[in-house]
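> sequence and predicted structure, then a few things I'm wondering about:
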Amino acid sequence: GFLLYRTHSLYSAAMTPASRVQAAIDILDGLAASRLPADRFIREFFRARRYAGSKDRAAVSERVYDVFRHRASFAWRMGSETPRALVIASLLKEGADVPSLFTGDGYGPALLTDEEHARTLVAPTEEPAPHIKGEYPEFLQSELTRAFGEDVALEMGAMLERAPVDLRVNTLKATRDGVLDVLRSEGFEAEATRYSPTTIRLPSTTRGLEQSKLFLDGAFEFQDEAAQVAVLLAQAKPNSRVLDLAAGAGGKSLALAAAMNNNGELTAHDIDEGRLRQIAPRAARAGVTIIQTHAGQKPPGRPYDLVLLDAPCSGSGTWRRSPENKWRLTPERLDQLNALQDMLLDQAAARAAGKARIVYATCSILPRENEDRIAAFLERHPAFKVIPASEIWRESTGSRPPPGLGEFLKVTPLVDEMDGFFTAVLARSA
């Protein structure tokens, strides 16, 4: 549905600064009515506008992300949440000459209204509320205070940084040192991370990895270190039966298969068949042959030795990467997610045989998606207990654990230099 947008004739062939501003406003307008991730929406927007050069695309995209990162303070600055107001605030932050960009000429935005003009001249004088300084939805104030106490401002500040690019080395085909050597010889700034033995980190600005021979040969996948630590805690063993219960596009399935040395049975289940279809080409590239996909409302009704549930969640731990998701979250959506998380945990319990483990993971920092769900699960299923994540780490690695590792894995960008992530390991007590 891109017919609603200004078509080619409305932007100049070489985008002027004003037409770049209008493109950012149009993208924000479109995203307000879309459920697509921002990066995908922006790609499709420019696919329909071939005249935009790479510098134009980068500048427009950067402004859109700047608005999503600072939406609360921008709306406060302008007294308005319209895309136009938010973009004006982003220009003011840069010290741009706003009236010169809002002239109504050519492909740029319409003239400033009297009110907009007045707002550009005078900033609000009152002290902004914590959620405005911290750039998060006001309804999450008490939940974030539960999570972080007095450190909410610091934790939320770290969420405004850009996330680095993390890779998972595919141990079926490569070693971390080998991949590091090749990447560095190709001019990439690559480092081994501190905690996961399979992770390589590169700067957030890194481009071109998808075209590298290493990637095409299956030597690595893109995956944040926190998710790799969660898979490490799952301790998937060769020749075992493993269920990846909400597998999506299979990132964790591929990591589990590598941990299993591509031996055993691995079922990747998801309600969305379209996402599961992405697994086959990824598995082929990785040299993984043990994954069977299964779509539907419920996973196969048979017992497994390990059930990994990377549950659908708010995505609040990944706000560095997808800042648009902050503003899509509502109290109603959180209620729905909690009900879904409980239902999936019950499905996991029904398929965890004997001494089987359930590993519950979210890319969320909110206690009501994390500790609260585990507490509710243990009330419904008193036969299960928590296996402390720190114990598993000590026994299986012998190396220093991340600071956020205790009874559960709870990591954040501020403290652990990873995405916000939670993992609990459960097993029957008898």
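Everything's here; your move.

> CA only for contacts and neighbour counts going forward, please
Will do.

> got the buried residues for the helix or strand in which residue 292 is found?
With elements taken from DSSP states H and E, the one containing residue 292 is strand 291-295. Residues of strand 291-295 classed as buried by neighbour count (16 or more other C-alpha atoms under 10 Å): 291, 293, 294, 295.

> partners of that strand, with directions?
strand 264-270 (parallel) (DSSP bridges).

> so what touches the strand it pairs with?
Among residues not part of strand 264-270, those counted as contacts by C-alpha atoms under 8 Å, 6 or more residues apart in numbering are 238-248, 250, 253, 257, 276, 290-297, 299.

> and if we set it to 6 Å?
238-248, 290-295, 299 (C-alpha atoms under 6 Å, 6 or more residues apart in numbering).

> now the buried members of these.
For the contacts of strand 264-270, a neighbour count by 16+ other C-alpha under 10 Å gives the buried set as 238, 241-248, 290-291, 293-295, 299.

> tell me which two of the residues you listed sit farthest apart.
Distance extremes for those: the farthest pair is 238 and 295 at 24.2 Å, using C-alpha to C-alpha.

> which residue lies nearest the spatial centre of this structure?
The residue lying closest to the centre of the chain (C-alpha atoms, centre = their mean) is residue 318, at 3.6 Å.

> how about it: what's its closest non-neighbour residue?
Counting by C-alpha to C-alpha, 6 or more residues apart in numbering, the nearest residue to residue 318 once its immediate chain neighbours are dropped is residue 419, at 5.7 Å.

> do you know the pLDDT at that neighbour?
Among the per-residue scores, residue 419 holds a pLDDT of 95.

> mean confidence for stretch 239-246?
97.

> one more: stretch 374-393?
96.

> measure it end to end?
Between the opening and closing residues of stretch 374-393 lies a distance of 20 Å (C-alpha to C-alpha, to the nearest Å).

> same question, stretch 160-171
Using C-alpha to C-alpha, the distance between the terminal residues of stretch 160-171 is 33 Å.

> report the buried residues of that stretch.
If you call a residue buried by 16+ other C-alpha under 10 Å, then stretch 160-171 has these buried ones: 160, 162, 163, 164, 165, 166, 167, 168, 169, 170, 171.

> now intersect these with the strands, please.
Counted as lying in strands by DSSP state E, out of those, are 165, 166, 167, 168, 169.

> closest one of these to residue 403?
When these are ranked by distance to residue 403 (C-alpha to C-alpha), residue 166 comes first, at 18.9 Å.

> ok, the closest one - contacts?
Residue 166 sits next to 200, 201, 223, 224 when contact means C-alpha under 6 Å, 6+ apart.

> which among those residues end up buried?
With burial judged by 16+ other C-alpha under 10 Å, the buried subset of those is 200, 201, 223, 224.

> which of those sits closest to residue 75?
Taking C-alpha to C-alpha as the measure, residue 75 sits nearest to residue 224 out of the buried ones among the contacts of residue 166, at 31.1 Å.

> check contacts around that closest one.
Under the criterion of C-alpha under 6 Å, 6+ apart, the contact list for residue 224 reads residue 166.

> rerun at 10 Å
Applying C-alpha atoms under 10 Å, 6 or more residues apart in numbering, one finds that residue 224 lies in contact with 163-168, 199-201, 318, 418-421.

> separation between residue 42 and residue 84?
When distances are taken as C-alpha to C-alpha, residue 42 and residue 84 turn out to be 17 Å apart.

> residue 91 now?
11 Å.

> okay, and the common contacts of these two?
residue 21.

> number of nearby residues for residue 369?
Residues lying near residue 369 (other C-alpha atoms under 10 Å) number 25.

> these two touch, right, it and residue 334?
Yes: here residue 369 reaches residue 334: they are 8.3 Å apart, a contact under C-alpha atoms under 10 Å.

> please enumerate the shared neighbours of the two.
Among the neighbours of residue 369, those also in contact with residue 334 (C-alpha under 10 Å, 6+ apart) are 313, 314.

> in the protein, what helix or strand scores lowest on average pLDDT?
The helix or strand of the chain with the poorest confidence is helix 389-397; it has a mean of 90 (mean pLDDT, DSSP states H and E).

> elements contacting that one?
If you count contacts as 3 or more C-alpha pairs under 10 Å, 6 or more residues apart in numbering; DSSP states H and E, helix 389-397 packs onto helix 225-234, strand 409-411, strand 421-428.

> can I get those in JSON lines including mean neighbour count?
Output for the helices and strands packed on helix 389-397, formatted as JSON lines (neighbours: other C-alpha atoms under 10 Å):
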{"stretch": "helix 225-234", "mean neighbour count": "24"}
{"stretch": "strand 409-411", "mean neighbour count": "24"}
{"stretch": "strand 421-428", "mean neighbour count": "24"}
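
> redo the ones you listed as TSV? Include distance to residue 309.
Rendered in TSV, the data for these read as follows (distance: least, C-alpha to C-alpha, whole Å):
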stretch	distance to residue 309
helix 225-234	10
strand 409-411	14
strand 421-428	10
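
> between those, which one is nearest to residue 350?
Taking C-alpha to C-alpha, strand 421-428 is the member of the helices and strands packed on helix 389-397 nearest to residue 350, at 11.7 Å.

> got the angle between that closest one and helix 225-234?
Here strand 421-428 runs at 10 degrees with respect to helix 225-234, directions being taken by axes from the mean of the first three to the mean of the last three C-alpha atoms, to 10 degrees.
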